[in-house]
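Visitor: Model the following, please.
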Amino acid sequence: MNPTTLRGKLAIRDRALARIRAFLADRGVLEVETPALSRAATTDPALASLKLDVQSLAGVHYLHTSPEYAMKRLLADGSGDIYQLARVFRDGELGRWHQPEFQLLEWYRLGFDEFDLMHEVYELLRVVLEPELPRLARLDLSYAQAFIAALEVDPLHFDAAASVRLTAALAERGIDVPTGLAHAELFDLALATAIVPAWPQGTAVFLYDYPADQAALAAIKPGEPPVAARFEVFLNGLELGNGFRELTDATEQRQRFATDLSRRRASGLPEPPIDAAFLAALEKGLPDCAGVALGVDRLIALLTGARTLADVINLPHQK
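Guide: Numbering: from 1, shown residues only. Predicted coordinates for the structure are as follows:
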């Protein structure tokens with residue numbers, strides 16, 4: 001099917017979605033839908049929710065940046081394994097690989113840890129991609145292994161001297177490092193510019209055991225130092241998915257929300273209302289599970305060889 005024609009583009013997406021649905025159905029994972037509108041918004045300082053004044057609902061609402069909170073409410077109510085192919089919305093994102101509206105595949109598996117889910121993500125990628133991109137290889141790296149191998153810096157034992165070494169290593173590679181970056185921001189810059197581009201093409205790279213302060217909604221694994229039970233998957237330089245063994249402690253989650261809001265305040269960002277219904281679900285009892293969110297449009301771009309996300313979205317907003 002020719003990906004440059006409208007019919008061909010529609011057919012490629014249709015076929016990929018059919019493969020995704022068949023793969024998850026074979027494993028007993030149920031497809032669900034949850035509302036895109038919420039009275040709460042993400043607190044993540046790196047994300048911006050779209051805000052709407054919904055008169056019929058008597059007040060301000062937000063379009064979700066992910067269906068995660070609502071899906072976890074279903075999990076707490078006894079849904080079992082579930083997935084969703086959701087339209088999601090993020091303000092301030094428009095570029096080669098970003099759109100303010102895009103499609104996200106999110107699924108949750110009870111009794112899985114992050115390594116079980118990494119394996120299932122790899123199997124899904126093989127099913128979706130291998131007919132067009134055969135012999136998909138796999139490489140698993142811990143976050144520390146990736147930094148030590150590429151830059152000779154251990155991100156889990158990081159101090160001022162290590163920050164100087166990392167900044168110098170990036171500068172040697174011609175990478176400009178803005179002043180005043182927090183450690184997590186410096187790590188993100190190093191990962192995106194000096195580590196991920198060097199990974200082999202045609203290989204699904206799973207990066208796991210992130211620093212504890214990059215846990216997002218992941219559980220923390222005890223150890224010295226502790227690390228987040230989180231992974232990301234990359235292919236051909238693109239981040240495709242972000243997953244973790246889920247945090248189930250409502251008190252810890254409430255504290256993380258408070259920390260997010262404090263960071264937003266310090267950066268002059270809006271402080272949206274937290275999702276009380278999600279916290280109530282955690283208090284009720286979220287089953288032990290792992291979940292992952294995977295960008296469908298980026299997956300389609302890899303299938304078609306597209307050079308931008310807009311090339312695989314049927315009606316991109318900038319057109």
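Visitor: just the helices in the stretch 151-300 of the chain please.
Guide: For the stretch 151-300 of the chain, the helices defined by DSSP state H, counting those that start in this stretch occupy 160-172, 183-190, 250-267, 276-285, 296-304.
Visitor: what's the closest of the ones you listed to residue 142?
Guide: Residue 142 sits nearest to helix 183-190 of all the helices of the stretch 151-300 of the chain, at 13.4 Å, using CB to CB. Just so you know, the C-beta spots here come from the backbone N, C-alpha and C atoms, and that holds for glycine as well.
Visitor: picking up where we left off before, out of the helices of the stretch 151-300 of the chain, which comes closest to residue 55?
Guide: helix 276-285 (21.8 Å).
Visitor: Specify the angle between that closest one and helix 250-267 in degrees.
Guide: Put simply, helix 276-285 runs at 150 degrees to helix 250-267, going by axes from the mean of the first three to the mean of the last three CA atoms, to 10 degrees.
Visitor: List the residues that contact the residue most central in space within the chain.
Guide: Nearest to the geometric centre of the chain sits residue 242, at 3.3 Å (CA atoms, centre = their mean). By CB atoms under 8 Å, 6 or more residues apart in numbering, the contact set of residue 242 is 216, 230-232, 292-293.
Visitor: picking that back up, and the helices of the stretch 151-300 of the chain as a markdown table, adding distance to residue 89?
Guide: A markdown table is the format used below for these (distance: least, CB to CB, whole Å):
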| stretch | distance to residue 89 |
| --- | --- |
| helix 160-172 | 33 |
| helix 183-190 | 22 |
| helix 250-267 | 18 |
| helix 276-285 | 18 |
| helix 296-304 | 13 |
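Visitor: Out of those helices, which is the most enclosed?
Guide: Most buried of the helices of the stretch 151-300 of the chain, by mean neighbour count (mean count of other CB atoms under 10 Å): helix 296-304, with a mean of 21.
Visitor: by contact count, what packs against that helix?
Guide: Using 3 or more CB pairs under 8 Å, 6 or more residues apart in numbering; DSSP states H and E, the elements in contact with helix 296-304 are helix 6-26, strand 101-110, helix 114-129, strand 238-245.
Visitor: please redo it, this time with the cut-off set to 6 Å
Guide: Packing contacts for helix 296-304, counted by 3 or more CB pairs under 6 Å, 6 or more residues apart in numbering; DSSP states H and E, involve helix 6-26, strand 101-110.
Visitor: Extract the CA atoms of the longest one and return them as PDB.
Guide: Spelled out, it's helix 6-26. C-alpha atoms of helix 6-26 as PDB (Å, rounded to 0.1, in the frame of the first residue of the first chain):
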ATOM      1  CA  LEU A   6      -4.600   9.300   1.200                       C
ATOM      2  CA  ARG A   7      -6.100   5.800   0.700                       C
ATOM      3  CA  GLY A   8      -2.700   4.200   1.300                       C
ATOM      4  CA  LYS A   9      -2.100   6.200   4.500                       C
ATOM      5  CA  LEU A  10      -5.600   5.300   5.800                       C
ATOM      6  CA  ALA A  11      -5.100   1.700   5.000                       C
ATOM      7  CA  ILE A  12      -1.700   1.500   6.800                       C
ATOM      8  CA  ARG A  13      -3.200   3.000  10.000                       C
ATOM      9  CA  ASP A  14      -6.200   0.700   9.800                       C
ATOM     10  CA  ARG A  15      -4.000  -2.400   9.500                       C
ATOM     11  CA  ALA A  16      -1.800  -1.300  12.400                       C
ATOM     12  CA  LEU A  17      -4.700  -0.700  14.700                       C
ATOM     13  CA  ALA A  18      -6.200  -4.100  13.700                       C
ATOM     14  CA  ARG A  19      -2.900  -5.800  14.600                       C
ATOM     15  CA  ILE A  20      -2.800  -4.000  18.000                       C
ATOM     16  CA  ARG A  21      -6.400  -4.900  18.800                       C
ATOM     17  CA  ALA A  22      -5.900  -8.600  17.800                       C
ATOM     18  CA  PHE A  23      -2.600  -8.800  19.800                       C
ATOM     19  CA  LEU A  24      -4.300  -7.500  23.000                       C
ATOM     20  CA  ALA A  25      -7.500  -9.500  22.500                       C
ATOM     21  CA  ASP A  26      -5.500 -12.700  22.200                       C
END
